[in-house]
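**Q** need a 3D model of the following:
(chains A and B)
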2 protein chains.
Amino acid sequence: MTEPASAETASVRNPSARLIDGKAFAANLTQTIAQEVRAFHDRYQVTPGLAVVLVGNDPASEVYVRNKALQTHRAGMRSFMHMLPETTSQGELLALIGRLNQDPEIHGILVQLPLPAGLDPVAVTNAIHPDKDVDGLGEVNAGRLALGQPGIVPCTPLGCLMLLKAELGDLRGLHAVIIGASNLVGRPMARLLLAEGCTVTVAHIDTRDPAALARQGDILVVATGCNGLVRGDWIKPGATVIDVGITRISLPNGKTRLVGDVAFDEAVTRAGRITPVPGGVGPMTIACLLNNTLAAARRIVGAA
Amino acid sequence: MTEPASAETASVRNPSARLIDGKAFAANLTQTIAQEVRAFHDRYQVTPGLAVVLVGNDPASEVYVRNKALQTHRAGMRSFMHMLPETTSQGELLALIGRLNQDPEIHGILVQLPLPAGLDPVAVTNAIHPDKDVDGLGEVNAGRLALGQPGIVPCTPLGCLMLLKAELGDLRGLHAVIIGASNLVGRPMARLLLAEGCTVTVAHIDTRDPAALARQGDILVVATGCNGLVRGDWIKPGATVIDVGITRISLPNGKTRLVGDVAFDEAVTRAGRITPVPGGVGPMTIACLLNNTLAAARRIVGAA
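**A** The predicted structure is shown next:
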């Protein structure tokens, strides 16, 4: 472990940040959703259904897809798995999505990314009907979010926003600095926080002095995939730090450990609140997928 | 006129910013488009056509619509005006848009905003086929821009970007600060500049210290509608300032004058380059509408 960048100041001001327990928050949210699924069924005789499509045999994707299906099932929803071979053509995949778009038992459709080479993820994602696009990654939902119109918000940024609002309440006027400009996290996060009234800065690989920008953030959201990128002295004392990164590293003793994009041991002495890795943002993503699937079912039956 | 906020520093470093001549740039662009329209017709026997729809009798809107139609015609395109009474229903307007979406002579459709009360501008804008949405204000084009996919970009931010690239070349790594978070300018501008590799900050009505943020901008884009909001000391010395605001003010002598959101006399002593008002961003908007209409026609006939 490296030394905290400015341990002296930090230890005086803020010996240790409050940990944001995403795992507990996600468990509560999932339980609430399960209750709402039952109430929704009692009222409308409809059970929300999620179709998950996996193409090919990427082992990590297989684990993700299985977890999503399992948690959907546990929340009392219907879960449909479509596991297709690597040889699936674009036409076959689009035809399947077309059938799922029409299927009245399906309220949410998720195509696990990345897709094998030769399949166009943009065309495939945009083929999902916007009302069933529970990952919120298609062009119509991206546009609705960009324009501040009602739509489906990508799961990971939605989970981050839920944690921030639970911790901080009204976010209006806070300066949110987002490190990372991906379509999956950074960019939709910027749109969400702007809609909440934050001043928003997006920094990325081409940013000249990311540390100086990060230090301005009352809220700092980090989603770069570079483990340990954000050091203690990047953090404004008292800031709320949301670490979206998750990387498995090998330790000298041969074991492995999950770490985030933030150097946690340093950051915890400066931040006011911080998400740990694991147990912070990670568990929120599937909980938000369930949330989006129930919300989609409500909209489709006209209950929302 | 107020005194420059820090005249001493400014007068030493930079007695007067270079003026960005949007009027000349727009005239050149329009001329190039007119040549390309002829070449396009020679090759494909298709003349790009723009339909402009005006509902009601707002005098300012009537002027805008007439100018758009006139310039379209001058650039060698077909211009179709649909001027509907204030009493037009949502259903009638949507039916017209439906016909224009189908019409092979129409490559661009623009519904002049604001619409009279009782008509839903979101539903109307989204009813325009994305490939003919030459204002780029519908959810699909907003999503494409948000996701970095090819689409139609709103005219005013596109015009600002053209000026910035002509002045500065590659924008990668520059810090762009945008004051104003509207769907018409600020937000799409942020998405455009992020796609160009800028670090992007969006400030707005809820931002706590907009002057301090503005002073960080290598590029400062101002689109608030508050004339004179941005003072000289908001500007980083040498920055490129794009003033989108335009307000007509009354002078003591009874005449009127157009002014921007930037206190020009102060800013010109600090900025490296600045757009004047009028003659800066304003003329770019219609030129970019022509640009988008030609581009739409190219895509529709499969030439792009």
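**Q** name the SS class of the single nearest residue of chain A relative to chain B, please.
**A** Evaluated by CB to the nearest CB, chain A has residue A:143 as its residue closest to chain B, separated by 3.0 Å. For every residue, glycine as well, the C-beta is placed using N, CA and C. Residue A:143 falls in the helix class when you classify it by DSSP: H, G, I helix; E, B strand; the rest coil.
**Q** isn't it up against residue B:138?
**A** Yes. Residue A:143 sits in contact with residue B:138 when judged by CB atoms under 8 Å, with a separation of 7.3 Å.
**Q** mind jotting down where the strands sit in chain A?
**A** In order along the chain, chain A carries the following strands (DSSP state E): A:18-19, A:49-55, A:78-84, A:108-111, A:175-179, A:199-203, A:219-222, A:240-243, A:247-250, A:256-259, A:273-274.
**Q** next, format the ones you listed as TSV and append mean pLDDT, distance to residue A:71 and mean neighbour count.
**A** As requested, the strands of chain A are arranged in TSV below (pLDDT from 0 to 100; distance: least, CB to CB, whole Å; neighbours: other CB atoms under 10 Å in any protein chain shown):
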stretch	mean pLDDT	distance to residue A:71	mean neighbour count
strand A:18-19	96	23	14
strand A:49-55	98	10	24
strand A:78-84	97	9	16
strand A:108-111	98	12	27
strand A:175-179	98	27	27
strand A:199-203	98	31	27
strand A:219-222	98	24	28
strand A:240-243	98	22	28
strand A:247-250	94	21	11
strand A:256-259	95	19	14
strand A:273-274	98	25	22
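**Q** next, format those as JSON lines and append distance to residue B:245.
**A** Formatted as JSON lines, the entries for the strands of chain A read as follows, by distance: least, CB to CB, whole Å:
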{"stretch": "strand A:18-19", "distance to residue B:245": "43"}
{"stretch": "strand A:49-55", "distance to residue B:245": "47"}
{"stretch": "strand A:78-84", "distance to residue B:245": "52"}
{"stretch": "strand A:108-111", "distance to residue B:245": "43"}
{"stretch": "strand A:175-179", "distance to residue B:245": "23"}
{"stretch": "strand A:199-203", "distance to residue B:245": "19"}
{"stretch": "strand A:219-222", "distance to residue B:245": "29"}
{"stretch": "strand A:240-243", "distance to residue B:245": "34"}
{"stretch": "strand A:247-250", "distance to residue B:245": "45"}
{"stretch": "strand A:256-259", "distance to residue B:245": "47"}
{"stretch": "strand A:273-274", "distance to residue B:245": "38"}
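**Q** so which of the ones you listed gets nearest residue B:205?
**A** Using CB to CB as the measure, strand A:199-203 is the one of the strands of chain A that comes nearest residue B:205, at 10.3 Å.
**Q** near chain B, which residues of the stretch 51-200 of chain A?
**A** Taking CB under 8 Å from any CB of the partner chain as the measure of proximity, the stretch 51-200 of chain A contacts chain B at A:122, A:138-149, A:151, A:172-173, A:175, A:181, A:183, A:187-188, A:190-191, A:194, A:197-200.
**Q** filter those down to the buried ones.
**A** Judged by neighbour count, with 16 or more other CB atoms under 10 Å in any protein chain shown as the criterion, the buried members of these are A:122, A:138-147, A:151, A:175, A:181, A:183, A:187-188, A:190-191, A:194, A:197-200.
**Q** in the stretch 101-250 of chain A, what spans have low per-residue confidence?
**A** Counting by pLDDT under 70, not a single residue of the stretch 101-250 of chain A qualifies.
**Q** ok, which stretches of it are helices?
**A** All helices of the stretch 101-250 of chain A, identified by DSSP state H, counting those that start in this stretch, fall at A:121-127, A:139-147, A:155-168, A:186-195, A:210-214.
**Q** bridging residues for residue A:243?
**A** Residue A:243 has the following beta-bridge partners by DSSP bridges: residue A:222.
**Q** correct me, but it touches residue A:280?
**A** Yes. Assessed by CB under 8 Å, residue A:243 is found in contact with residue A:280 at 6.1 Å.
**Q** who touches both of the two?
**A** A:260, A:274 (CB atoms under 8 Å, 6 or more residues apart in numbering or on different chains).
**Q** enumerate every residue touching the closest residue in space to residue A:69 that isn't next to it in sequence.
**A** Taking CB to CB, 6 or more residues apart in numbering or on different chains, and ignoring the residues beside it in sequence, residue A:69 has residue A:79 as its nearest neighbour in space, at 4.5 Å. Counting by CB under 8 Å, 6+ apart, residue A:79 touches A:49, A:50, A:52, A:68, A:69, A:70, A:72, A:73.
**Q** and those residues, which is closest to residue B:64?
**A** Each of those was checked against residue B:64 using CB to CB; the closest is residue A:50, at 46.8 Å.
**Q** in chain A, which residue is most central in space?
**A** For chain A, the residue whose C-alpha lies nearest the mean C-alpha position (CA atoms, centre = their mean) is residue A:156; its distance is 0.8 Å.
**Q** hang on, isn't that one packed against residue A:286?
**A** No. Applying CB under 8 Å as the test, residue A:156 and residue A:286 come out as separate, 10.1 Å apart.
**Q** helix A:155-168 and the longest helix seen in chain A, what's the angle between them?
**A** Longest helix of chain A, by residue count under DSSP state H: helix A:22-44. For the pair helix A:22-44 and helix A:155-168, the angle between their directions (axes from the mean of the first three to the mean of the last three CA atoms, to 10 degrees) equals 110 degrees.
**Q** which strands or helices does helix A:22-44 pack on?
**A** Helices and strands touching helix A:22-44, as assessed by 3 or more CB pairs under 8 Å, 6 or more residues apart in numbering or on different chains; DSSP states H and E, comprise helix A:59-74, helix A:155-168, helix A:282-300.
**Q** ok, now with 6 Å
**A** helix A:282-300 (3 or more CB pairs under 6 Å, 6 or more residues apart in numbering or on different chains; DSSP states H and E).
**Q** can you tell me how far the closest residue to residue A:250 other than its chain neighbours is from residue A:247?
**A** Spatially, and ignoring its direct neighbours in sequence, residue A:250 is nearest to residue A:256 (5.5 Å; CB to CB, 6+ apart). Distance of residue A:256 to residue A:247, computed by CB to CB, to the nearest Å: 10 Å.
**Q** and if you look at residue A:215?
**A** 24 Å.
**Q** next: residue A:199.
**A** According to CB to CB, residue A:199 and residue A:247 sit 30 Å apart.
**Q** what residues does the stretch 201-304 of chain A put near chain B?
**A** The stretch 201-304 of chain A has residues A:201, A:202, A:203, A:206, A:207, A:208 near chain B, with proximity defined as CB under 6 Å from any CB of the partner chain.
**Q** out of those residues, who's nearest residue A:97?
**A** The closest of these to residue A:97 turns out to be residue A:202 (CB to CB; 31.0 Å).
**Q** wait, doesn't the closest one sit right on residue A:180?
**A** No. Proximity of residue A:202 to residue A:180 does not meet the contact threshold set by CB atoms under 6 Å, at 8.2 Å.
**Q** let me know the pLDDT of residue A:304.
**A** Note on residue A:304: pLDDT of 77.
**Q** name the nearest residue to it, ignoring sequence neighbours.
**A** Taking CB to CB, 6+ apart, and ignoring the residues beside it in sequence, residue A:304 has residue A:298 as its nearest neighbour in space, at 3.8 Å.
**Q** residue A:172 now?
**A** The spatial neighbour of residue A:172 that comes closest, neighbours along the chain excluded (CB to CB, 6+ apart), is residue A:197 at 3.4 Å.
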